[in-house]
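3D, please:
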Amino acid sequence: MSSLKAIPSPQFRSLGLQNTKVFRTIDEPPCAVRFTSKYHNGSAAFINKTPRKTLHVLSKAVLASIPDSRGLPLPSNLKLVGMGGVGVDYLAVVPYFPKPDEKMRSEALEVQGGGNCGNALSAAARLGLKPEIVTKVGLDGTGEEIISGLAEFGIGTSGVVRSKGSSPMTYIIVDKEGESRTCIHTPGPEMELSEMTADLIASTLEGARLVYFDGRLTEAAVLLARAAREAGVQVLVEAERIRPGLDDLLPLADFIVTSKHFPMDFTGEPNVADAALVMMDMLPNAKTMITTLGSKGSFLIERAEGEGLESVVFSEALETFMANAAPLEVQESA
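Residues are numbered from 1 along each chain as shown. Take a look at the predicted model:
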């Protein structure tokens, strides 16, 4: 990026989890460039291999909601709401991916809580926040297991709706030889709009600073997101892939985190840099958007106003960053 003029950016702290109790912190601010394009004025922060993409944006969004915040420690009574998927994951470790009709013994089997929303709120609870979840599970043993597991992590479950049917579960084949995982997901029951009652919405939002949506249960999620905006509660939406109803949820977001391919799928633009800019232009309520780049890390676009922004070709800047991306060095705190 030697051809670009780097400018100072606000100190940006990224948090990741190591095991269950030890935090990893990065105190060095990322390199930032300011840019203009036909789509958007703003600043872009290039973040190299940010760990735990959802937690990263979650931390930034929560800190932004606290006046005069200087970082950790966060107030232990800060309420965070999450709405989306939960489930049980069955992880079978195998030496290689099985061929059709082949029988194989697993080398290990683990049963864990899963689902993007459940995972994010578990991380938030470890940060000392007070998370509550809105989701739906079945009236079965798996549903009981999910609820008890959430409660064990310190996640409030008063917003869990239950009905007849099977709860969400995922069978995951972990291939040691190919270093890959294959997921076979069995979805749970969809949340009906009638189940998103006024009482549930009011009790969920009472005292909340942020509502996180993982892009599932979208029809009911739109009701909660609209109410959150009306109440002045900030909204974070995760956009992993195109899902029914997500185009109604994204315009309500203050913060967005996407996969690498989502901006291109959402906008039709051929490259991720232009697609991200177009997406920000399409979603004027969004203050910040992070797009992950797999092993290359991620980049952040933050909406900015003002004159004198330096003009650069953002797609070229991003290509340069990706070409020179190196593993992020992380130091553990005591």
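
alpha carbons only for contacts and neighbour counts from here, please
Fine.

Let me see the mean pLDDT of stretch 251-261.
Stretch 251-261 shows a mean pLDDT of 95.

Check the separation of the first and last residues in that stretch.
19 Å (Cα to Cα, to the nearest Å).

quick one: the helices in the stretch 201-334 of the chain?
For the stretch 201-334 of the chain, helices defined by DSSP state H, counting those that start in this stretch occupy the ranges 218-230, 246-249, 262-267, 272-282, 314-323.

Report the contact partners of Glu145.
For Glu145, no residue counts as a contact, taking Cα atoms under 8 Å, 6 or more residues apart in numbering as the criterion.

before we move on, what SS does it have?
helix (DSSP: H, G, I helix; E, B strand; the rest coil).

what about it, distance to Ala151?
Look at Glu145 and Ala151: by Cα to Cα, they are 10 Å apart.

try Gln112
Going from Gln112 to Ala151 by Cα to Cα gives 14 Å.

and if you look at Ser259?
29 Å.

Compare these two (neighbour count), which wins?
Ser259 (18 against 13; other Cα atoms under 10 Å).

The more buried one contacts Leu293, doesn't it?
Yes. Using Cα atoms under 8 Å, Ser259 is in contact with Leu293, at 7.2 Å.

which residues touch the nearest residue to Glu110 once chain neighbours are set aside?
Leaving aside its sequence neighbours, Glu110 sits nearest to Leu91 (Cα to Cα, 6 or more residues apart in numbering; 5.1 Å). Going by Cα under 8 Å, 6+ apart, Leu91 touches Leu109, Glu110, Val111, Gln112, Tyr171, Ile172, Ile173, Val174.

Who wins on neighbours among those residues?
Val174 (23 neighbours).

in a strand, that's where that residue is, yeah?
Yes. Assessed by three-state DSSP, Val174 belongs to a strand.

Run through the bridge partners of it.
The residues listed as beta-bridge partners of Val174 by DSSP bridges are Val93, Arg181.

my guess is it contacts Asp89, does it?
No. Look at Val174 against Asp89 with Cα under 8 Å: they stay out of range, at 11.8 Å.

List the residues that contact Gly82.
Residues counted as contacts of Gly82 (Cα under 8 Å, 6+ apart) are Cys117, Leu121, Pro131, Glu132, Ile133, Val134, Val211, Tyr212, Phe213, Asp214.

ditto for Gly138
Counted by Cα under 8 Å, 6+ apart, Gly138 has contacts Arg162, Ser163, Lys164, Gly165, Ser166, Ser167, Gly188, Pro189.

Could you dump those residues into a markdown table and include neighbour count and pLDDT?
Listed next are those as a markdown table, based on neighbours: other Cα atoms under 10 Å; pLDDT from 0 to 100:
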| residue | neighbour count | pLDDT |
| --- | --- | --- |
| Arg162 | 18 | 95 |
| Ser163 | 16 | 93 |
| Lys164 | 11 | 91 |
| Gly165 | 13 | 90 |
| Ser166 | 17 | 92 |
| Ser167 | 25 | 94 |
| Gly188 | 20 | 91 |
| Pro189 | 18 | 89 |
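
So which of these sit within strands?
Arg162, Ser163 (DSSP state E).

number of nearby residues for the closest residue to Gly159 other than its chain neighbours?
Spatial nearest neighbour of Gly159, chain neighbours left out: Val134 (4.5 Å); criterion: Cα to Cα, 6+ apart. Val134 has 27 neighbouring residues, counting by other Cα under 10 Å.

which SS state does Val134 fall under?
Classification of Val134 using three-state DSSP returns strand.

Is it bridged to anything, and to what?
Counting by DSSP bridges, the residues bridging with Val134 are Met83, Gly159.

Return the distance of it relative to Asp199.
13 Å.

Are any of the contacts of Gly82 buried, and if so which?
For the contacts of Gly82, a burial check counting by 16 or more other Cα atoms under 10 Å picks out Cys117, Leu121, Pro131, Glu132, Ile133, Val134, Val211, Tyr212, Phe213, Asp214.

wait, which of the residues you listed is closest to Pro251?
Proximity to Pro251 was ranked across the buried ones among the contacts of Gly82 by Cα to Cα; first place goes to Phe213, at 12.6 Å.

What's the separation between that closest one and Gly118?
Distance of Phe213 to Gly118, given as Cα to Cα: 11 Å.

so what's in contact with these two at the same time?
Gly84.

Setting aside sequence neighbours, what's the nearest residue to Arg226?
Leu252 (6.8 Å).

scratch that, Val111 is what I was asking about
Excluding the flanking residues, the one nearest Val111 by Cα to Cα, 6+ apart is Tyr90, at 4.7 Å.
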